[in-house]
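Trainee: Turn this into a structure:
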Amino acid sequence: MKHKIHPVAATVATLCIATFFISTVIVELFGSYESIAVVKSLIVMPGLFILIPAIAITGASGFARAKGTKSGIIGSKKKRMPFIAANGILILLPAAICLNQWAAIGAFDTKFYIVQAFELLAGAINLTLMSMNMRDGLRLSGKLKAK
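Mentor: Take a look at the predicted model:
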C-alpha cells in the first residue's frame with residue numbers, strides 16, 4: 001500500500017495542475033467573464049483543497065521512499081521539488097486566490113491579466129517539472145525504459 005500512495009498522489013497533483021491550466025486557457029480564449037469567474041472559483045474551491053493535500057502527500061511519501069538518497073534519478077527528483085514547492089506557494093496559490101477574488105467582482109483589468117500570465121507561466125513550469133519527476137519515477141519502477 002505504501003508504494004501506491006506516492007504515484008497516486010503525484011498523479012492527482014499533476015492532473016489538478018493540468019486541469020487548472022487547460023481550463024484557464026480554454027475559458028480565457030472562448031468564455032465569457034462569468035465563465036472565467038466560475039473557473040477561477042472552482043480552482044480555489046474545491047481545486048486547491050484537492051491539490052494541496054495531494055502535493056503534501058506526494059512530497060512526504062517521496063522523501064520517505066528516497067531514504068536519504070541524494071544522487072542519480074532520485075537526486076534529480078529531489079532537486080526539482082524545491083522549485084515546484086516554491087512556485088506553488090509563492091506564485092500559484094496567491095495568484096489563484098487573487099484571480100478568483102478579482103473575477104468574482106468583475107475586475108478584468110490589466111492587473112488581472114498580468115497575474116493571469118504569471119500564473120500560466122508558473123503552471124507550465126510546474127507541469128514540466130512534475131512531468132519530469134513522474135517520468136523519472138516510472139523509470140525507477142521499471143515501467144518506463146531509460147533512453
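Trainee: quick one: low-confidence parts of the chain?
Mentor: Residue ranges of the chain with pLDDT under 70: 2.
Trainee: which helix of it spans the most residues?
Mentor: The longest helix of the chain (DSSP state H) is helix 110-141.
Trainee: Nearest residue to the middle of the chain?
Mentor: Centroid check for the chain by CA atoms, centre = their mean gives residue 17 as the closest residue, at 3.7 Å.
Trainee: Surely that one and residue 127 touch.
Mentor: Yes. Using CB atoms under 8 Å, residue 17 is in contact with residue 127, at 5.4 Å. Heads up, the C-betas are built off the backbone N, CA and C, glycines and all.
Trainee: Let me see the contact set for the residue nearest to the centre of the chain.
Mentor: When contacts are counted by CB atoms under 8 Å, 6 or more residues apart in numbering, residue 17 touches 51, 123, 126-127, 130.
Trainee: Next, the angle from the helix or strand that contains it to helix 110-141.
Mentor: Assigned by DSSP states H and E, residue 17 belongs to helix 2-30. Calculated by axes from the mean of the first three to the mean of the last three CA atoms, to 10 degrees, helix 2-30 forms an angle of 150 degrees with helix 110-141.
Trainee: Buried ones in helix 2-30, by neighbour count?
Mentor: 5-7, 9-10, 12-14, 16-17, 20-21, 23-24, 27 (16 or more other CB atoms under 10 Å).
Trainee: Kindly report the same for stretch 39-53.
Mentor: In stretch 39-53, counting by 16+ other CB under 10 Å, buried: 39-41, 43-44, 47-48, 51.
Trainee: circling back: turn the contacts of residue 17 into TSV, columns for distance to residue 59.
Mentor: Listed next are those as TSV, based on distance: CB to CB, whole Å:
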residue	distance to residue 59
51	12
123	18
126	13
127	17
130	11
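Trainee: from those residues, which single one is nearest residue 83?
Mentor: residue 126 (8.3 Å; CB to CB).
Trainee: Number of residues surrounding the closest one?
Mentor: 26 (other CB atoms under 10 Å).
Trainee: Likewise for the one 10 residues further on?
Mentor: Residues lying near residue 136 (other CB under 10 Å) number 19.
Trainee: That one touches residue 78, doesn't it?
Mentor: No. The pair residue 136 / residue 78 is not scored as a contact, 10.4 Å apart, by CB under 8 Å.
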